[in-house]
Each structure stands twice: as C-alpha cells, then as structure tokens.
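>>> Give me a model of this one.
(chains A, B, C and D)
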There are 2 protein chains.
Amino acid sequence: MESSQQGSSRKRLLDVSARLFRELGFHATSMRDIARAAGMRPASIYHHFDSKEAILRELMWGFLVELLSSARDAAARAHDARGRLGAIMRTHIRLHATKATLAFVADTELRALQGAAQQEILMLRDRYEELLQDVLRHGVEEGTMHLGDVKLASYQLLAMGTGVVFWWRPEGRLSLEAVVDQYVEAALRMCGIAT
Amino acid sequence: MESSQQGSSRKRLLDVSARLFRELGFHATSMRDIARAAGMRPASIYHHFDSKEAILRELMWGFLVELLSSARDAAARAHDARGRLGAIMRTHIRLHATKATLAFVADTELRALQGAAQQEILMLRDRYEELLQDVLRHGVEEGTMHLGDVKLASYQLLAMGTGVVFWWRPEGRLSLEAVVDQYVEAALRMCGIAT
DNA sequence: CAATTAACCTAACGATCGTTCGGCAGGGAG
DNA sequence: CTCCCTGCCGAACGATCGTTAGGTTAATTG
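Below is the predicted model of the structure:
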C-alpha cells in the first residue's frame, strides 16, 4: 500500500523549517538552508511544497488551529467566566511553552505571508481574540471581573501570555507547571479577581 | 558654518528605514527600497551609513538608550516601590505608543544584528529588565507586592507593556492617556497591589 | 583664486535568492 | 515484462541582493 516512511520527509521539512524560521527569521532562511538541514537538495523540497511561503503557511495555520480548538475545548469545560478565563490562559501558556518554536514563528512572521494567506491567519487570530473577549465581557456583566476596556484587556492578556515563548526553556530554573500557575494567577488578578 | 540641511538626509534615511523595517521586516527591506523612499540612489546611502545593519543598529540603540534613561528618571522621581513600578510602566507604555515604529523594530529585529552589535543591544535590554526587577524585589521585601517569581513577573509586565505597539493607533478609539492608565492599573494589580 | 569636501550619482561587481526543467532510481500494479 | 508514480537529483534560470569603484556637482575654506 504505502511506504512506512510516508510523509516522513514532509514532516522533517516542517520541523527543520520551523526551527530555522525561529532562529534566523523567514526571510533570512533560504531554501538551501532548509534542504541542508533536512538532508536533501533544494529542488526536492518542491516535491512536498509549492513554495517557501507554503511551508510557513502550513506551520502557522496548523498552530493557530490547534490553539483555537484547544482554547474552545478548555473554555467549554468550565462553568463560569472566571473558570473559562483560567482555562483559556492555562491552555495558552501550555501550548506556547511546549510548542515554543511553532508559537514563536506564528507570532512573529505574519508579515511574511501575502494576501489571502495572511487574511486566513488573521481570521483565526481574530476568532481567538473574540473567544477571550466574550469571556471577559461575560465576567464584567456578571460583576466578577472589573476592567476598563475589554478589548484592551484581551490584548494585555494575550501579549503577556504569548511572551512565554521568548524566555522559557524546559531545562530552565522554573517548571512548566509553576510557570503556568503564575501566568494564570496574573491573568485573574489583572481582571480584578482575588485569589 | 554648517548647512541648515545638515544631517537632514541622514535623519530621513533613519525615518524611512524604521518605517520600512516595521512594515516589511529588516531582511525583506532592500537598500533600494530605502533609497527610493528617501529620494536618493542606493549608493548614496553609503555616504551616511556603513551598511544596512548599521542603520538597524543605530535605530535600535537609540530607542533602547532613550527607553532606559526615561525609565531611570521616572523611577528616581518616585519614593516607594509601588510608585516606581507605576512610573516605569507609565514611561514604558508612553514611549512604546508614541514611538511605536521604533519600538516595534527594536523588539522584533534583534535576530538581524550580528555578534557584538547584538550583544550591545542585549546588554541594554538586560539593564532595563534589571531596573524593573530591582523594583519588584524591593516591593516584595517591603511586603507591598505579592508575586511568585520576580524574574517571571518582570517578563510578564514587559511583554504585556510592549504589546501596545501591535495595536494602538493615535487616531483609534482609545486615547493615549486612557490606554496608559489601564496598563498601569493592570501592572499594579498583577503585583498584588489594590487600587 | 585654487583646493577641498560633502553629497550624490551611474554602473557594475560577485553572490545568493526562489524556483524550474529534465532526468534517474526503484518499487508496486497490470 | 512493461508502465507508472513517488521521491529525489544536477544544473541552471532570471531576478535581486548588499556593496563598491569611480566620477560629477556645488558649496565651503584657506
């Protein structure tokens, strides 16, 4: 039927591309760099992807879809606004920490996508922001949260949370769980919820 | 003595470079792009700068020096940890909002600098982080602030604050003062200070 | 006046870029 | 066996890159 190596080169290309895009940036990474790191020749990449941009597109799209669905699932399991905020933040930090390479690329290289591809990604990001903003709005209406502008607060929360990709390393001083907890607590405090 | 146009081309080059670096990214901006936007030929840029990287270096260095000195001044005018935290955050948001183009480039293009130039910038950033961490440490020791890990908290505060460059526009819905206030309040809440 | 210098130019350098073309090996299908 | 498809390759395409060499102009200086 199909080779046991099915898709292994493709996956390796995605892996090394993500790593190089993070280390050097999309535009500073050449197809020759990617080919070398994946153990093949530049021309061979085009058997798996239409273009360099298509690689970036798939990386970013994959991460954002996972981020969005994880957040939806987590929020659905909680019963009130406070629980949903905590669940979303917990998922956000976890995913950004454990998939830091992908998260970094997704958060940094939006400019490198063109036209429709960029719009697709922006749509996913907007839906993600709205998910959080809905929770915050409910919290304010319930009276459990106290904030000024809801959109502004969502930008504050997301910028803070996304920042974990810039410094956390699994082999570092702080464990993932400790880090996640402090981020969740910071989020709750920011929204005027005592812990 | 000296021409009234002294340095005007140089300044214009820095301005258009910052704008292009923000819009397209450093590596996606060519010297020809910069020259066209500044109204001169590519070769003429080299009368004012040694290289494309030298332009980025000057942009980033200039912004970080101003950021650091502004924060020091602001912190020195306050009398306790809480006041110093508020002053630093206020300055941080103000500067990132009013000089969003420079701030964006300084926060995004560190990878594009090489070797010693990158180290110089990292040193400035480290000093800035330490300034904030000292304030947080004092606040915890005084008992006015309640946080887990101080370094982690500083990363949270800075990531949150820096995020203002990604969305705020002067012609937008929220005034600079309203935005600054909400960021400062968020920072104080995050550190366990009731307002 | 002559000499110098700042500011800019045209033209081109070698390098590298993303991508394409045509082909080759090899395993499964008919 | 033949045919075809997958995966990869060498070689090269035209374009663009950062940068430089060498010159022109106009203003300043001694």
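
>>> Excluding chain neighbours, give the residue nearest to A:L13 in space.
Sequence neighbours aside, A:A38 is the residue nearest to A:L13 in space, at 5.1 Å (criterion: CB to CB, 6 or more residues apart in numbering or on different chains). For glycine as for every other residue, the C-beta is placed from the backbone atoms N, C-alpha and C.

>>> Oh, that last question was meant for A:Y183, not what I typed.
A:I93 (4.6 Å).

>>> Hmm, that neighbour is touching A:V179, no?
Yes: between A:I93 and A:V179 there is a contact under CB atoms under 8 Å: 6.8 Å.

>>> can you list contacts of stretch A:126-134?
Outside stretch A:126-134, the residues that touch it by CB atoms under 8 Å, 6 or more residues apart in numbering or on different chains are A:64, A:67-68, A:71-72, A:75, A:85, A:88, A:150-151, A:154-155, A:157-158.

>>> which two in these are spaced the farthest apart?
The largest separation in the contacts of stretch A:126-134, counting by CB to CB, is between A:L64 and A:V150 at 21.8 Å.

>>> How much space separates the residue nearest to A:L13 from DNA strand C?
Going from A:A38 to DNA strand C by CB to the nearest atom of the strand, to the nearest Å gives 13 Å.

>>> Count the neighbours of that residue for me.
Counted with other CB atoms under 10 Å in any protein chain shown, the neighbours of A:A38 add up to 21.

>>> could you list every residue that touches A:S70?
Per CB under 8 Å, 6+ apart, neighbours of A:S70: A:T91, A:L95.

>>> element containing it, please.
helix A:52-76 (DSSP states H and E).

>>> Which positions in that helix come out as buried?
A:52, A:55-61, A:63-64, A:67, A:70-71, A:74-75 (16 or more other CB atoms under 10 Å in any protein chain shown).

>>> Output the contacting helices and strands for whichever helix or strand comes after that helix.
Using DSSP H and E, the helix or strand that follows helix A:52-76 towards the C-terminus is helix A:81-98. Contacts defined by 3 or more CB pairs under 8 Å, 6 or more residues apart in numbering or on different chains; DSSP states H and E place helix A:81-98 against helix A:52-76, helix A:115-142, helix A:150-162, helix A:176-190.

>>> Throw these into CSV and include distance to B:L102, thanks.
Listed next are these as CSV, based on distance: least, CB to CB, whole Å:
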stretch, distance to B:L102
helix A:52-76, 26
helix A:115-142, 24
helix A:150-162, 18
helix A:176-190, 27
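
>>> mind checking which of those helices is nearest B:V140?
That would be helix A:176-190 among the helices and strands packed on helix A:81-98, by CB to CB, at 13.4 Å.

>>> by how many degrees do the closest one and helix A:150-162 diverge?
160 degrees (axes from the mean of the first three to the mean of the last three CA atoms, to 10 degrees).

>>> Quick one: mean pLDDT for helix A:176-190?
The average pLDDT within helix A:176-190 is 98.

>>> where does chain A come near chain B, residue by residue?
By the rule CB under 8 Å from any CB of the partner chain, the part of chain A lying against chain B is A:23-25, A:27-28, A:108, A:111-112, A:147-149, A:152-153, A:155-156, A:158-160, A:162-164, A:166-167, A:174, A:178-179, A:181-183, A:185-186, A:189-190, A:192.

>>> coming back round to it: right, so of the helices and strands packed on helix A:81-98, which gets closest to DNA strand C?
Proximity to DNA strand C (CB to the nearest atom of the strand) singles out helix A:52-76 among the helices and strands packed on helix A:81-98, at 3.7 Å.

>>> and the closest one, does that touch DNA strand D?
No: Helix A:52-76 is not in contact with DNA strand D by CB under 7 Å from any atom of the strand; minimum separation 12.6 Å.

>>> what's the angle from that helix to helix A:115-142?
Going by the same axes, to 10 degrees, helix A:52-76 makes 20 degrees with helix A:115-142.

>>> Point me to the helix or strand that includes A:L174.
If you go by DSSP H and E, A:L174 is not part of any helix or strand.

>>> check contacts around it.
A:L174 sits in contact with A:W168, B:D149, B:L152, where contact means CB under 8 Å, 6+ apart.

>>> Put the buried members of those into a ChimeraX selection.
In ChimeraX syntax, the buried subset of those is picked out as below (16+ other CB under 10 Å):
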select /A:168 /B:152
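
>>> and which of the contacts of A:L174 is nearest DNA strand D?
Once CB to the nearest atom of the strand is applied, the member of the contacts of A:L174 that ends up nearest DNA strand D is A:W168, at 32.8 Å.

>>> Excluding chain neighbours, give the residue nearest to that closest one in space.
Nearest to A:W168 is A:A97, by CB to CB, 6+ apart, at 5.3 Å.

>>> thinking again about what came up before, gap between the residue nearest to A:Y183 and B:Q156?
Per CB to CB, to the nearest Å, A:I93 is found 11 Å from B:Q156.

>>> what's the overlap in contacts for the two?
Common neighbours of A:I93 and B:Q156 (CB under 8 Å, 6+ apart) are A:Y183.

>>> host element of the residue nearest the centre of chain A?
Geometric centre of chain A, nearest residue: A:A103, 4.0 Å, by CA atoms, centre = their mean. In this structure, A:A103 sits in helix A:100-108 according to DSSP H and E.

>>> ok, residues contacting that helix?
By CB under 8 Å, 6+ apart, the residues outside helix A:100-108 that reach it are A:18-19, A:21-22, A:25-26, A:56, A:59-60, A:62-64, A:67, A:95-96, A:121, A:162, A:164-166, A:168, B:108.
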